[in-house]
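Novice: Sharing a model prediction with you, sequence too.
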Amino acid sequence: MKGRSRSRRLFAVLLCWAYIFLWGCNTPAAQESFGDSAQSAEESPGESSSQESSYETIPSDGVLRMTVYMPESLNPLKVQKPEVAQLLLTVFMPLVETDEEGRTAEGGIAEEWEVLADGYQVRLRIRQDVLWQDGARVSSQDVVYSLQALRDAQTDHYWKEQLRSVTAVTAEESGDVMISFSTPVDGERLGMLVVPVLPEHVYHVENPPEWEPVGSGPYRVDEYRAMREIRLLANPEYVGGEPLISEIRVEITRSEDAGESAFAQGLTHIIYEEVPTSLSAENINQHTVYRTETHRLQLLYMNQREGSVLADENVRKAILHCVDAQELIDRTQIHQGTPSQAVVPSWIADIALTESYEVDYQQAYSLLGDHRMASLRLIVSREEQTAIAQARLIYEQLSQIGLQVQVVLYDEADWQKALEEGDYDLAFGSCRIRSIQDLSELLSSQGTGNYSGRVDEKMDGLLEEASSAVGEEARRQAYQALAEYAWESLPICPLYYSQQAVVVSRELGAELSPTPYHLYRGIENLYFISET
């Protein structure tokens, strides 16, 4: 469960410590707990997330200002932080674009795409009018190199997981690029190919540039000042037209939350929030807020090993009738999310469950049967402040039907160890669902993300059918069958898909067109209203 949200927001911290103060906590070396059987102890509150910005005033000079937290590199083959990767997509054009719904769209280096009959290959027609910022022309060989380099990089960079189903990439004599996949793909959903295209002559060398990227996007890096600033200038040769704002200055911050503070004070114009907070929820009238899915599913893992209370399917159903995902979203700092009981998300396939587990405490109580008043341990990482606050709410919800829940806070490493060893009943966590491979990792009997101890041959068969289905109708039926079986058997308790946000100052005109893969899409169209 890598890439967990690092945001420590003030509201969540205060909420979390208020809960702990009111309900008590136990503090052994490796864990804390609250809920039934917990002992009280004092603990000092965490640091306020509010940080002072180094800015003193924002000049009215037509320069777009942003912040980024400590980039590890500006080489796409090494970047891991989402905010840095998204910034790089203003420098590098992606191979393919998608629209807000995740469907393949124009705007990338590939101008046409075709999924071949067997579904295992995609042919891309590469644009001939795109130039690298050093004047060279983008070629199909650059595309081949980029996909191979991104897929095979030693670093677990931001885009690597997207390409894990790619098995081969070749350039044809016609100039088209042929991509082979390990599982059939849908031509309307090629989000995995929203990756930067790199110039082979610049990056396929012994010492590729770390801080002076060469791309083909709307902006180019003019200057990198270590630990201080990245200066971007408009690329006059950009195939989509020269950007309306000629300069972007990106201050490098030394704390994770300094960017939010700077934006709240009106010192910057755009901010990316991996977890939308009160900043985006309470300032809708002052700013333009764009929200998109993160593809990250928040869920409860349920230990279904022999002897566990949760091995009883009715107990799992009782929990789903108790846990109100919308309340978790509304009463904590998330504010925005998409509740979902379907394990197959819309960006993988268009499916719909005909029924849902409505909040119904009476039904939940009747389903418990002999397990009424059962004791459960819900484990949470203490590094996830929002998760702690939401675990408190889950504790309250499950207590409504008499379940004796103890919430235990672990250090991250100990939380992961307990999850892997099955030393828990419930575990609040998250995982990223972008493809059928991700679903297999989560649900199959041998999946590395299957922490329930569950062995289910029927589930394995349905996952295999979904991953090998060819054709739109066959694929839809396979995913529908998978979603319905997961809804009935409950290998996990899905809660909601979290969202991310880009917040744009009202000083800027035009609109962004962000997608889950490309958050600053359309940045070249922004302009300062005061200048018009």
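Specialist: Great, that's in hand.
Novice: all helices of the stretch 101-250 of the chain, in order?
Specialist: Taking DSSP state H, counting those that start in this stretch to define them, one finds helices in the stretch 101-250 of the chain at 140-152, 200-203.
Novice: Report the buried residues of the longest one.
Specialist: Spelled out, it's helix 140-152. By 16 or more other Cβ atoms under 10 Å, the buried positions in helix 140-152 come out as 140, 142, 143, 144, 145, 146, 147, 148, 149, 150, 151. Heads up, the C-betas are built off the backbone N, CA and C, glycines and all.
Novice: if we can go back for a sec, want to try CSV for the helices of the stretch 101-250 of the chain, with distance to residue 214 and mean pLDDT as columns?
Specialist: Formatted as CSV, the helices of the stretch 101-250 of the chain follow (distance: least, Cβ to Cβ, whole Å; pLDDT from 0 to 100):
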stretch, distance to residue 214, mean pLDDT
helix 140-152, 11, 98
helix 200-203, 5, 98
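Novice: out of those, nearest to residue 188?
Specialist: When those are compared by Cβ to Cβ, helix 140-152 sits nearest residue 188, at 20.1 Å.
Novice: Name the residues that touch the top helix by length along the chain?
Specialist: The helix that spans the most residues within the chain, counting by DSSP state H, is helix 472-489. Outside of helix 472-489, the residues within contact range by Cβ atoms under 8 Å, 6 or more residues apart in numbering are 184, 186, 313, 341-344, 348-351, 353, 355, 439, 443, 456, 458-459, 462-463, 465-466, 469, 492.
Novice: In ChimeraX, how would I select the buried members of these?
Specialist: Command for ChimeraX that selects the buried part of the contacts of helix 472-489, burial taken from 16+ other Cβ under 10 Å:
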select :184,186,341,342,343,344,348,349,351,353,439,443,456,459,462,463,465,466,469,492
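Novice: From the contacts of helix 472-489, which land in strands?
Specialist: Secondary structure defined by DSSP state E assigns residue 492 of the contacts of helix 472-489 to strands.
Novice: In helices, which of the contacts of helix 472-489 appear?
Specialist: With helices taken from DSSP H, the overlap with the contacts of helix 472-489 comprises 313, 439, 443, 458, 459, 462, 463, 465, 466.
Novice: per-residue confidence for the fourth one?
Specialist: At residue 458 the predicted local confidence, pLDDT, stands at 98.
Novice: pretty sure residue 183 is in contact with residue 436, am I right?
Specialist: Yes. Using Cβ atoms under 8 Å, residue 183 is in contact with residue 436, at 5.9 Å.
Novice: start to end distance for stretch 232-249?
Specialist: One end of stretch 232-249 sits 6 Å from the other (Cα to Cα, to the nearest Å).
Novice: which residues sit in contact with residue 512?
Specialist: If you count contacts by Cβ under 8 Å, 6+ apart, residue 512 has them with 290, 502, 504, 519, 520, 521, 522, 523, 526.
Novice: Most widely separated two among those residues?
Specialist: Longest distance between any two of these is 13.4 Å, between 519 and 526; criterion Cβ to Cβ.
Novice: Can you lay out the helices of the stretch 101-250 of the chain as a markdown table showing distance to residue 429?
Specialist: Output for the helices of the stretch 101-250 of the chain, formatted as a markdown table (distance: least, Cβ to Cβ, whole Å):
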| stretch | distance to residue 429 |
| --- | --- |
| helix 140-152 | 27 |
| helix 200-203 | 36 |
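Novice: can you tell me which of the ones you listed comes nearest to residue 320?
Specialist: With Cβ to Cβ as the criterion, residue 320 lies closest to helix 140-152 of the helices of the stretch 101-250 of the chain, at 37.7 Å.
Novice: ok, and what's touching that closest one?
Specialist: Contacts of helix 140-152 (Cβ under 8 Å, 6+ apart): 76-77, 95, 109-110, 124, 126, 157, 159-160, 163-164, 166, 169-172, 175-177, 179, 195-200, 203-204.
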